[in-house]
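Engineer: I need the structure of the sequence given here:
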Amino acid sequence: MISLDNIRKAREGLKNVVEKTPLQLNVGLSEKFGANIYLKREDLQKVRSYKIRGAYNKINSLSESEKTTGIVAASAGNHAQGVAQSCSILGIHGQILMPSTTTTQKVNKVRSFGKSYVEVILTGDTFDDAYAEALKVCQESGKAFIHPFEDLKVIEGQGTIGLEILEQCDQPIDYLLLPVGGGGLSAGVGTVFSTLSPQTKVIGIEPKGAPAMFTSIRNGHNTMLDHIDKFVDGAAVQRVGDINYQLCKEIFERVELVDEGKICTTVLELYNEEGVIVEPAGALATASLQQLNPQLKGKNVVVMVSGGNNDIVRMAEIKERSMLYEGLKQYFIIDFPQRAGALREFLTKVLGPQDDICFFEYAKKTNRENGPAVIGIELKAKDDFDALLQRMEEFKFDYKLLNGDQKLFGMFI
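Structural biologist: Model prediction:
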């Protein structure tokens, strides 16, 4: 379905459009995991993600009549920016439908890249709503639809990254870690590697809350998920592309799932330790290094950093999810005795010297011996948790831990 010749043609067409992003040996990660870890920095692309490669290759392949009529796309982020930039370069009018919940920052970036050639239409609450409306617009207007991942030309455009990696790395590549959303990136890059570097083991990395490719390969057919966690928005899809599924089930050695909390921790680590700004989907492949570590030791490993469009307003949520995953933030419902000094006793006798209260809600009630409070506690180290629970029991504070109870956690926090 995808030919190496077509990927090479796509690269020629993209020559003056995209950056040849660096493949960097990362010393910190290499030392941490005992392997040669190379980061393919597509976060440094012109639109801060690889998406322009596929978008431009598809739009540029349209007939003159289709280009004159214009194009339609649906996206909540990176694909929209790639399409917008492509329309501006080619002088083609495009309508890009985005969910009405899309942040102003993302909408403004799409408009900035597209200039006068792009009209942004906000519709619906989710990507699926915007996608359905975009298909209606295409049917009514006769305009070409630029799919984010289920299209041969889009896949071939993404595949150009594989050619770059093999040219840039002067060592044989043992492992290639690719983030998986709809599967277009993996299908394209994986095709290049299966042909030119068949000894490389290609591993797909998905968020644990959106395991569409993992589930499809396990089931033996492309599977629609009923529900997904949309937090890793650049890689959270309910169903991967049919073309991509057919290719990836042959290309991947396997698919690994990574907890969203671990992805958040990796976003923060890449920023604080490496000075690399990535979005959650951009950190997805890097976040898998720890769980893959035993088999990676002493190997040459290429990790795809797929995008760096991280909205600053998300950082508080990213930090919160990271701390919950690392066990550094714990939420409780605690029954306080309704007597003077009970809270002071909790602070002085139960909290450890480095523990900190980060959330507190308490309503004193009449005619009751005890009153519940919802308390969030930040720990300096995960190992402090057991000692905190022991002190609660020692001083007879009845509690319920909320972290493991998704229903109650969602209700109170």
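
Engineer: any chance you could map the strands in the stretch 201-350 of the chain?
Structural biologist: According to DSSP state E, counting those that start in this stretch, the stretch 201-350 of the chain carries its strands in the segments 201-207, 252-258, 300-305, 329-337.

Engineer: on contacts alone, who are the packing partners of the longest one?
Structural biologist: Think strand 329-337. Helices and strands touching strand 329-337, by 3 or more Cβ pairs under 8 Å, 6 or more residues apart in numbering; DSSP states H and E, are strand 356-362, strand 370-378, helix 384-394, strand 398-401, helix 406-412. The C-beta positions use only the backbone N, C-alpha and C, and glycine is treated the same way.

Engineer: at 6 Å what do you get?
Structural biologist: strand 370-378, strand 398-401 (3 or more Cβ pairs under 6 Å, 6 or more residues apart in numbering; DSSP states H and E).

Engineer: now the ones you listed in a markdown table, with mean neighbour count and mean pLDDT?
Structural biologist: Output for these, formatted as a markdown table (neighbours: other Cβ atoms under 10 Å; pLDDT from 0 to 100):
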| stretch | mean neighbour count | mean pLDDT |
| --- | --- | --- |
| strand 370-378 | 19 | 88 |
| strand 398-401 | 15 | 92 |
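
Engineer: what's the closest of the ones you listed to Ile318?
Structural biologist: The closest of the helices and strands packed on strand 329-337 to Ile318 is strand 370-378. By Cβ to Cβ, the value is 15.7 Å.

Engineer: on that earlier part again, which one of the helices and strands packed on strand 329-337 lies closest to Ile413?
Structural biologist: Closest approach to Ile413 among the helices and strands packed on strand 329-337 is made by strand 370-378 (7.3 Å; Cβ to Cβ).

Engineer: Can you tell me which helices and strands that closest one packs against?
Structural biologist: Secondary-structure packing of strand 370-378 (3+ Cβ pairs under 6 Å, 6+ apart): strand 329-337, strand 356-362.

Engineer: Need the residues that contact the first one.
Structural biologist: What that stands for is strand 329-337. Contact with strand 329-337 is made by 323, 342, 370-378, 397-403, 413, as judged by Cβ atoms under 6 Å, 6 or more residues apart in numbering.

Engineer: ok, now the shortest one?
Structural biologist: Contacts to strand 356-362, defined as Cβ under 6 Å, 6+ apart, come from residues 373-378.

Engineer: can you put those in CSV and add distance to Lys67?
Structural biologist: Listed next are the contacts of strand 356-362 as CSV, based on distance: Cβ to Cβ, whole Å:
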residue, distance to Lys67
Ala373, 63
Val374, 58
Ile375, 60
Gly376, 55
Ile377, 59
Glu378, 55
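
Engineer: Show me which pair in these is furthest apart.
Structural biologist: Farthest pair in the contacts of strand 356-362 (Cβ to Cβ) is Ala373 and Glu378. Separation: 16.3 Å.

Engineer: residue ranges for the strands of the stretch 1-150 of the chain, please.
Structural biologist: Assigned by DSSP E, counting those that start in this stretch, the stretch 1-150 of the chain shows strands spanning 23-25, 36-41, 71-74, 94-98, 118-122, 144-145.

Engineer: residues near Ala210, how many?
Structural biologist: 25 (other Cβ atoms under 10 Å).

Engineer: How about the contacts made by it?
Structural biologist: Going by Cβ under 6 Å, 6+ apart, Ala210 touches 228, 236.

Engineer: What separation is there between Gly181 and Gln95?
Structural biologist: 22 Å (Cβ to Cβ, to the nearest Å).

Engineer: These two - which one has more neighbours?
Structural biologist: More neighbours surround Gly181 than the other of Gly181 and Gln95, with 28 against 20 (other Cβ under 10 Å).

Engineer: so the more buried one sits in a helix?
Structural biologist: No: counting by DSSP: H, G, I helix; E, B strand; the rest coil, Gly181 falls outside a helix, being coil.

Engineer: what sits against the nearest residue to it once chain neighbours are set aside?
Structural biologist: Nearest residue to Gly181, sequence neighbours excluded (Cβ to Cβ, 6 or more residues apart in numbering): Ala235, at 3.8 Å. Neighbour list for Ala235: 179, 181, 207, 281, 284 [criterion: Cβ under 6 Å, 6+ apart].

Engineer: give me that answer again for 7 Å
Structural biologist: Applying Cβ atoms under 7 Å, 6 or more residues apart in numbering, we find Ala235 in contact with 179-181, 206-207, 210, 281, 284.

Engineer: What confidence value was assigned to the residue nearest the centre of the chain?
Structural biologist: Nearest residue to the geometric centre of the chain (Cα atoms, centre = their mean): Ala281, 1.9 Å. As predicted, Ala281 sits at a pLDDT of 95.

Engineer: isn't Tyr399 right up against Arg391?
Structural biologist: No: checked against Cβ atoms under 7 Å, the pair Tyr399 and Arg391 is beyond contact range at 10.8 Å.
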